[in-house]
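K.L.:
Using only what follows, build the 3D model:
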Amino acid sequence: MASEKDDMPMPNDNHRRHDLRSSIGRRQILDGARQVFLVNGFRGTSIDQIAAEAAVSKRSLHHHFGSKDALFRSLITEEGARIAAALPSIDRDEPNACSAMRQIGGAVLETLNHPTTVTTLRLIIGTLGHFPRLGEEFLRASLGPTIEQIATYLDLQAASGSIRIDNSRAAAEDFARQCLAHVIERLLVPGQAFLTEAECAALVGDILRNCSVRWQHDLTRQGIVGPILPDERQA
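P.N.:
Predicted coordinates:
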């Protein structure tokens with residue numbers, strides 16, 4: 001026969017339940033804050049409005065985040081982590097550098113064009129006066145791991161002789177920034193249709209042409225369209 005002591009929840013169970021409630025409450029606040037910030041902007045949003053939208057008390061909001069500034073930064077940080085987790089790893093064993101870069105570029109564009117990401121970019125742009133380094137922080141958190149992977153891959157390809165490159169890190173950063181710039185342009189000119197797979201591949205090709213990666217001539221002879229070599233621009 002079980003005793004009353006056997007029916008009592010273990011301390012670990014209590015901790016798990018508390019952590020779960022805390023996680024749900026935090027998520028609820030972040031979702032509510034996103035909606036209010038998007039409608040009213042950062043300056044036009046109050047803690048009272050966020051608490052009402054999230055259906056939580058102001059005490060709960062302050063417990064989880066402390067202030068409106070901290071809440072907003074947490075929202076952007078979390079979104080950066082989501083993007084970093086959503087992006088696939090570049091295939092380091094792919095011998096065709098142009099193909100590998102097109103694949104990762106397509107994934108970056110698709111992820112950045114996601115409606116949730118677009119919403120976050122709008123929020124960031126609207127608060128740069130208050131958080132001047134927020135855009136840079138977001139880029140580092142969201143695309144930083146992918147930039148590192150691209151730089152490592154380009155170094156490997158350069159070592160194998162399939163490409164020529166002066167600064168792989170600079171090329172990787174330039175590649176990511178140009179992908180982001182395309183999405184920002186869509187924000188400034190709303191209503192544009194989303195890119196088809198073929199259009200996305202073409203856009204990545206254009207971006208690659210503007211980076212400092214230079215493919216060897218044999219890739220072009222195989223029918224792979226890549227960036228034009230400096231001596232070919234005047235041909």
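K.L.:
And the strands in the chain?
P.N.:
For the chain, the strands defined by DSSP state E cover 163-164, 214-215.
K.L.:
For the first one, which helices and strands make contact with it?
P.N.:
Strand 163-164 makes packing contacts with helix 134-160, strand 214-215 when contacts are defined by 3 or more Cβ pairs under 8 Å, 6 or more residues apart in numbering; DSSP states H and E. From N, CA and C alone the C-beta is placed, and that goes for glycine too.
K.L.:
ranking the strands of the chain by mean pLDDT, which is last?
P.N.:
When the strands of the chain are ranked by mean pLDDT, strand 214-215 comes last with a mean of 72.
K.L.:
Lowest average confidence across helices and strands, show me which element that is in the protein.
P.N.:
Of all the helices and strands that make up the chain, the one with the lowest confidence by mean pLDDT, DSSP states H and E is helix 217-221; it has a mean of 46.
K.L.:
Touching, Leu154 and Ala97? I think so.
P.N.:
Yes - the pair formed by Leu154 and Ala97 meets the contact definition of Cβ atoms under 8 Å, at 7.3 Å.
K.L.:
Now the common contact residues for those two.
P.N.:
Shared between the contact lists of Leu154 and Ala97 (criterion: Cβ atoms under 8 Å, 6 or more residues apart in numbering) are residues 163, 213.
K.L.:
Would you mind finding the most buried of the helices and strands packed on strand 163-164?
P.N.:
Per-residue neighbour counts averaged over each of the helices and strands packed on strand 163-164 give the maximum for strand 214-215, namely a mean of 21 (mean count of other Cβ atoms under 10 Å).
K.L.:
That one: partners in the sheet, and parallel or antiparallel?
P.N.:
Strand 214-215 has the following strand partners under DSSP bridges: strand 163-164 (antiparallel).
K.L.:
contact partners of the strand it pairs with?
P.N.:
The contact list for strand 163-164 (Cβ under 8 Å, 6+ apart) reads 97, 154, 157-158, 213-216.
K.L.:
likewise stretch 138-157?
P.N.:
If you take Cβ under 8 Å, 6+ apart as the criterion, stretch 138-157 is touched by 76-77, 79-81, 83-84, 87, 89-90, 92, 97, 100-101, 104, 108, 120, 124, 163, 165, 168-169, 171-173, 175-177, 179-180, 213.
K.L.:
What ranges does this protein have for its helices?
P.N.:
Counting by DSSP state H, the chain has helices at residues 4-7, 11-40, 47-54, 58-65, 68-86, 97-112, 115-126, 134-160, 168-188, 197-210, 217-221.
K.L.:
right, so those helices: which one is the most enclosed?
P.N.:
With neighbours taken as mean count of other Cβ under 10 Å, the helices of the chain reach their highest mean count in helix 97-112, at a mean of 21.
K.L.:
Show me what that helix is packed against.
P.N.:
Using 3+ Cβ pairs under 8 Å, 6+ apart as the contact criterion, the elements in contact with helix 97-112 are helix 68-86, helix 115-126, helix 134-160, helix 168-188, helix 197-210.
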